[in-house]
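Student: My questions are about this predicted structure, shown below with the sequence.
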Amino acid sequence: MEPLNRIQQHFAASIEAKQRTLEAIGPRIVQAAESLAERLRQGGKILICGNGGSAADAQHFAAELVNRFELERPGLAALALTTDSSTLTSIANDYAFEQVFARQVRALGRPGDALLAISTSGHSPNVLAAMAAARELGLMTVALTGRDGGTMAGQLDTDDLELRVSATATARIQEVHILIMHCLCDLIDQRLFNPGELS
């Protein structure tokens, strides 16, 4: 296959995944953004976790909130649980890699906070453990998943939300996760700092 044809296929698949996901969960993305914005308004924070590319996405989302997205506004309280190598390696060494996020959630999470849990498969043991810790502490979880939602879909509490990408390929799921996170950032900004735009 010609290289340009391969690129065209990637673009077409990405567009299709985004369109199908919008049709499936558009209103749920709005609901998640409003829930996260309300927690930030009430003085809560957002903890974010994921592995590999999803770890990078966790850091990306935290940066957009703590620094800025598109509006000039004060920083918002968000923390990627993927960045502190001393904490991550000490937990993995002393306990288990499965606990690297859960122990941070238990140490840093407070009622009124939220967890953004990212996994393309929905089966990441350390993300599942973080969700369990969040539930114990009374944190709301927004789960970014793909495929069939995996184990994460069955671990959601009544106040939690799953944002499941309508795709099976990891690359497509990650591409839509980034778009969803940008939508969340935009709606959080508008809800907190420019509510007139949402009427």
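Tutor: Yep, that arrived.
Student: need the next SSE after the helix ranked longest in the chain, C-terminal direction.
Tutor: Using DSSP state H, we find that the single longest helix of the chain is helix 3-41. Using DSSP states H and E, the next helix or strand after helix 3-41 towards the C-terminus is strand 46-49.
Student: Distance from the following helix or strand past that next one to the middle of the chain?
Tutor: Using DSSP H and E, the helix or strand that follows strand 46-49 towards the C-terminus is helix 53-66. Counting by CA atoms, centre = their mean, to the nearest Å, helix 53-66 is centred 8 Å from the centre of its parent chain.
Student: by contact count, what packs against helix 53-66?
Tutor: Counting contacts by 3 or more CB pairs under 8 Å, 6 or more residues apart in numbering; DSSP states H and E, helix 53-66 packs against strand 46-49, strand 78-80, strand 114-118, helix 170-193. Any C-beta I mention is one placed from the backbone N, CA and C, and that applies to glycine too.
Student: wait, which of these is closest to residue 98?
Tutor: Comparing the helices and strands packed on helix 53-66 against residue 98 with CB to CB, the closest turns out to be strand 46-49 (12.1 Å).
Student: Relative to that closest one, what are the paired strands and their orientations?
Tutor: The pairing partners recorded for strand 46-49 under DSSP bridges are strand 78-80 (parallel), strand 114-118 (parallel).
Student: Distance to residue 161, mean pLDDT and mean neighbour count added to the ones you listed, as CSV?
Tutor: What follows is the strands paired with strand 46-49, written out as CSV (distance: least, CB to CB, whole Å; pLDDT from 0 to 100; neighbours: other CB atoms under 10 Å):
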stretch, distance to residue 161, mean pLDDT, mean neighbour count
strand 78-80, 17, 98, 22
strand 114-118, 10, 98, 28
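Student: still on that earlier bit, give the buried residues for the longest helix of the chain.
Tutor: Buried positions in helix 3-41, judged by neighbour count with 16 or more other CB atoms under 10 Å: 14, 17-18, 21, 25, 29, 32-33, 35-40.
Student: Excluding chain neighbours, what is closest to residue 115?
Tutor: residue 134 (4.2 Å; CB to CB, 6 or more residues apart in numbering).
Student: How about residue 55?
Tutor: Excluding its sequence neighbours, the residue lying closest to residue 55 (CB to CB, 6+ apart) is residue 82, at 4.0 Å.
Student: ok, the one you found - how many residues close by?
Tutor: Residues contacting residue 82 under the criterion other CB atoms under 10 Å number 23.
Student: re earlier: can you tell me how far the residue nearest to residue 115 is from residue 8?
Tutor: Using CB to CB, to the nearest Å, residue 134 is found at 41 Å from residue 8.
Student: likewise residue 40?
Tutor: 40 Å.
Student: Now render the strands paired with strand 46-49 as TSV, adding distance to residue 183.
Tutor: As requested, those are exported to TSV (distance: least, CB to CB, whole Å):
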stretch	distance to residue 183
strand 78-80	16
strand 114-118	13
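Student: just to revisit the earlier point, which secondary structure state does the residue nearest to residue 115 sit in?
Tutor: Secondary structure, DSSP: H, G, I helix; E, B strand; the rest coil: residue 134 is helix.
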